[in-house]
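Novice: Give me a 3D structure for the following:
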Amino acid sequence: MKKISILIPCYNEVENVGPMSDAVVKIMTEELPQYDYELLFIDNCSQDGTQDKLEEICAANKKIKAIFNVTNFGQFNSPFYGMCQTTGECTISMCCDFQDPVEMIPKFVKEWENGYKIVSGIKTSSKENGFIYFLRTIYYKMIKNMSSVKMIEHFTGFGLYDKSFINLISQLDDPIPFLRGIVAEYGFKRKDIAYEQAQRRAGKTSNNFYSLYDAAMLSVTSYTKVGLRLATLLGFISSGVSLVIAFIYLILKLTHWNDFGAGYAPMVIGVFVLGSIQLFFIGLLGEYILNINTRVMHRPLVVEEKRINFDED
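Specialist: Now for the predicted structure:
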């Protein structure tokens, strides 16, 4: 009997972990009874009672497992680490807030049985804020055009991954993994399935401007060179334009010494424009350096505090 692993990362989801575990177990027992399963929750150091609730759920069903992290290791490390701890022939990764519909699980498994190694859920519409969805669309298109890797638009990581892919990512030894980029980069036989992203069932999202910015910068610094190349190109163009303007001003001053007053405005404008360009690209360069620094330090993806029901295997 083939075994399917379902990974659900969570952080402060005390209202959702119970209904989510019930929904997944119902899908597996009623619609996919021919498969064995394990349901793994990896908790990123929740502070709202989620861990206590998970202990109750795991005590009632030994097929449900849990890993508790000693602290919050971020939105990318914890799910990536959790995927590497699964033991099934395939792993389905999904969010705990019901924005990733559990009804997609049988569809993913069907395509997996058809031979696809990765089955990715693609958001074609969303019930979230329309402006936020619009900004996400711009971001995905920008990254896709900037990167040498063909990034997948509106792919959040929700999907099914064959054991061969799980084995691959387990060997990557990347301290700051970006799963969406890894999926696009290694080109396993993939099937995309469209779905509509639902609203959160309960609770408050932990995503904010900083976390979204962090995700954007990780993808930019990990999979694009355009920023640094643009800095070089823009610096070269700015230098050329400045030299031309300086030469024109010199000629005009020499030929119209008494009539031509250059004034301070051009110098002030030039200083502020060039200064702002420099500051922007110094900041961008800092993001690349921060990325390098994190990889060089090579800290562990996650440090566990506790794991439950793993001895049942």
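
Novice: Now name the helix or strand holding G283.
Specialist: Assessed by DSSP states H and E, G283 sits inside helix 265-297.

Novice: just M142 next, same as before
Specialist: Per DSSP H and E: helix 130-146 holds M142.

Novice: just Y37 next, same as before
Specialist: Using DSSP H and E, Y37 sits within strand 36-43.

Novice: likewise Y116?
Specialist: Using DSSP H and E, Y116 maps to neither a helix nor a strand.

Novice: Please tell me how far it sits from T124.
Specialist: 19 Å (Cβ to Cβ, to the nearest Å). C-beta: built from backbone N, CA, C; applies to glycine.

Novice: Next, F310: phi, psi?
Specialist: Backbone torsions of F310, given as degrees, to the nearest 10, read phi -70, psi -20.

Novice: What is the burial count for it?
Specialist: 13 (other Cβ atoms under 10 Å).

Novice: and the next element down the chain from the helix or strand of the chain at the bottom of the mean pLDDT ranking?
Specialist: Counting by mean pLDDT, DSSP states H and E, the chain has its least confident helix or strand at helix 209-223, which shows a mean of 65. Once the chain leaves helix 209-223, the next helix or strand it forms, by DSSP H and E, is helix 226-255.

Novice: now the angle between helix 265-297 and that next one, please.
Specialist: Going by axes from the mean of the first three to the mean of the last three Cα atoms, to 10 degrees, helix 226-255 is angled at 160 degrees with respect to helix 265-297.

Novice: which strands and helices sit next to helix 226-255?
Specialist: Applying 3 or more Cβ pairs under 8 Å, 6 or more residues apart in numbering; DSSP states H and E, we find helix 226-255 packed against helix 265-297.

Novice: is it true that K141 touches M151?
Specialist: No: between K141 and M151 there is no contact under Cβ atoms under 8 Å: 9.2 Å.

Novice: more crowded one of the two?
Specialist: M151 (22 against 12).

Novice: The more buried one against R180, yeah?
Specialist: Yes: using Cβ under 8 Å, M151 makes contact with R180 at a distance of 7.0 Å.

Novice: Could you check how far R299 is from S170?
Specialist: 17 Å.

Novice: again, but for L230
Specialist: Taking Cβ to Cβ as the measure, L230 falls 35 Å from S170.

Novice: if we can go back for a sec, tell me the helix or strand right after the helix holding M142.
Specialist: Heading C-terminal from helix 130-146, the first helix or strand you meet, by DSSP H and E, is strand 155-162.

Novice: How far does that next one sit from its chain's centre?
Specialist: Relative to its parent chain, strand 155-162 has a centroid offset of 11 Å by Cα atoms, centre = their mean, to the nearest Å.

Novice: List the neighbouring strands of that strand plus their orientation.
Specialist: Using DSSP bridges, strand 155-162 pairs in its sheet with strand 90-93 (antiparallel), strand 118-126 (antiparallel).

Novice: Q99 sits in which helix or strand?
Specialist: Q99 belongs to no helix or strand, assigned by DSSP H and E.

Novice: Does it touch R200 like I think?
Specialist: Yes: under the criterion of Cβ under 8 Å, Q99 lies in contact with R200, with a separation of 6.1 Å.
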